[in-house]
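Participant: I would like the atomic coordinates for the input below:
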Amino acid sequence: MRFIRDIHAGKEAAGKPTISFEFFPFKTPEGEETFFGKTLPALMTAGPDYASVTYGAGGSTREKTLEIVERIQNDFGLTTMAHLTCIRHTRAEIGGILDEAANRGIQNILALRGDAPPGENWAQTEGGFEFASELVTHLRERGGFGIGVAGFPEGHIDCTEGRDADWRHLVGKINHGADLVITQMFFDNADYFRLADYLKGQDVAAPLFPGIIPVASAAQIKKFSAMCGATLPEKFASRLDELGDDAEAVREYGIEYATGQCRELLERGAPGLHFYTLNKSKSVLRILDNLGMA
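Facilitator: A predicted model of the protein is given here:
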C-alpha cells in the first residue's frame with residue numbers, strides 16, 4: 001500500500017482528479033456480506049484511488065474499522081485510510097491502536113477529535129488528547145503514517161467561536177503535519193470555495209478534497225445536516241419537499257444535484273472528489289458516469 005499523499009501527487013502530475021470513497025463498519029453479517037460481495041466490487045469498477053473507513057462514536061468500532069481496512073487492502077488492492085478519534089482513548093491506548101494498524105499494513109490515518117455517543121457531551125479523556133491537532137502531532141512524531149484531517153466549510157458545529165476560528169484550527173492541524181484535508185459534506189459549493197481560498201491565503205498547500213454525499217432520502221439528509229451543521233440551500237430543500245416520499249424521484253434528484261456539484265468543483269480546481277457512499281454503489285457510479293469518469 002502507499003501513502004495517499006503520494007497517490008494524489010501522481011494524479012495531480014497527470015492532470016487527473018483523485019477519487020475516493022468513504023465506508024462505515026457494518027451492523028450485521030448480512031451487511032458485511034453485501035458490501036464485500038456486491039457493493040465494493042461494483043465501486044472498484046470506477047478505479048478509485050483510495051478509500052476510508054469510519055470509526056464509531058466514542059471509538060465504538062475500533063477493531064472492526066481496522067479489520068475492514070485490512071481486508072479492503074488485502075483483497076481488493078485499494079489503499080485505505082483508517083479513521084482514528086481522540087475520544088475515550090488515552091495516549092497509550094492510541095499508541096496501541098497505531099501499533100496494531102501498522103501490523104495490519106495500514107499506512108494512512110484520518111486524525112479526528114471524534115464525536116461523543118448519542119445523548120452524551122464530548123469530554124477529554126484523562127491522559128488523552130483534547131484536539132485533533134494533538135493527535136496529528138503524535139502521528140507525525142511517531143512516523144510511518146500518512147495523515148489526513150477533517151475540514152468544515154461552514155465551521156464545526158461545536159466551535160462556539162464561529163467559522164473563522166474553526167478555519168484557524170484547521171490551519172493549525174495542517175501546520176502540525178497533516179498531508180491532506182477531507183471536508184464535511186456540504187451542499188453549496190460557495191462554502192467549499194471560501195474555505196479553499198482561505199487556506200490559499202494562509203499559504204497552506206495540503207489538498208482540500210470536497211466531501212460529497214448523494215442524497216437518497218430527504219428525511220435522512222435532513223437528519224445528517226442537522227447533526228453536522230451543514231446547511232441545505234433553500235432551493236435544494238424546497239425541491240426535496242416537493243418530491244416528498246417518492247424515494248426514486250429523490251434519489252434521481254440527489255444524483256442530478258451531486259453531479260452538478262462535482263462538475264463545478266472539478267472545473268474550478270478541486271483536487272478530487274471524496275464520496276460519502278453510505279455503503280452503497282449505484283448513486284456514486286451514476287454520478288461518476290455522468291462526469292465521464294466511471
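
Participant: going forward, measure contacts and count neighbours with C-alpha atoms only.
Facilitator: Will do.

Participant: average pLDDT for stretch 79-86?
Facilitator: Stretch 79-86 shows a mean pLDDT of 94 in the predicted model.

Participant: could I get that stretch in CSV with only the CA atoms?
Facilitator: This file holds the C-alpha atoms of stretch 79-86, laid out as CSV (Å, rounded to 0.1, in the frame of the first residue of the first chain):
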residue,chain,number,x,y,z
THR,A,79,-5.2,1.8,-0.3
THR,A,80,-7.5,2.6,2.6
MET,A,81,-7.3,5.1,5.4
ALA,A,82,-8.5,4.2,8.9
HIS,A,83,-10.3,6.9,10.9
LEU,A,84,-9.0,7.4,14.4
THR,A,85,-10.6,9.6,17.1
CYS,A,86,-9.3,11.1,20.4
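
Participant: Name the surrounding residues that touch that stretch.
Facilitator: Outside of stretch 79-86, the residues within contact range by C-alpha atoms under 8 Å, 6 or more residues apart in numbering are 1-2, 4, 49-55, 58-59, 65-66, 69-70, 72-73, 94, 106-114, 124-125, 128-132, 135.

Participant: Just say helix, strand or coil for His274.
Facilitator: strand (DSSP: H, G, I helix; E, B strand; the rest coil).

Participant: Run through the helices of this protein in chain order.
Facilitator: Here the chain has its helices, by DSSP state H, at 4-13, 29-34, 40-44, 62-76, 91-103, 132-142, 163-175, 189-201, 218-228, 234-243, 247-267, 282-290.

Participant: possible to save those helices as TSV with mean neighbour count?
Facilitator: Output for the helices of the chain, formatted as TSV (neighbours: other C-alpha atoms under 10 Å):
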stretch	mean neighbour count
helix 4-13	16
helix 29-34	12
helix 40-44	16
helix 62-76	18
helix 91-103	15
helix 132-142	20
helix 163-175	19
helix 189-201	16
helix 218-228	14
helix 234-243	13
helix 247-267	17
helix 282-290	18
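
Participant: could I get these as TSV with distance to Val181 and mean pLDDT?
Facilitator: Shown next, in TSV, are these (distance: least, C-alpha to C-alpha, whole Å; pLDDT from 0 to 100):
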stretch	distance to Val181	mean pLDDT
helix 4-13	11	97
helix 29-34	28	95
helix 40-44	22	98
helix 62-76	19	93
helix 91-103	20	94
helix 132-142	12	94
helix 163-175	8	94
helix 189-201	11	97
helix 218-228	17	87
helix 234-243	26	94
helix 247-267	15	97
helix 282-290	21	98
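
Participant: Export those to TSV and append columns for distance to Ile157.
Facilitator: What follows is these, written out as TSV (distance: least, C-alpha to C-alpha, whole Å):
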stretch	distance to Ile157
helix 4-13	27
helix 29-34	30
helix 40-44	31
helix 62-76	24
helix 91-103	25
helix 132-142	15
helix 163-175	9
helix 189-201	15
helix 218-228	6
helix 234-243	20
helix 247-267	22
helix 282-290	27
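
Participant: No further questions, thank you.
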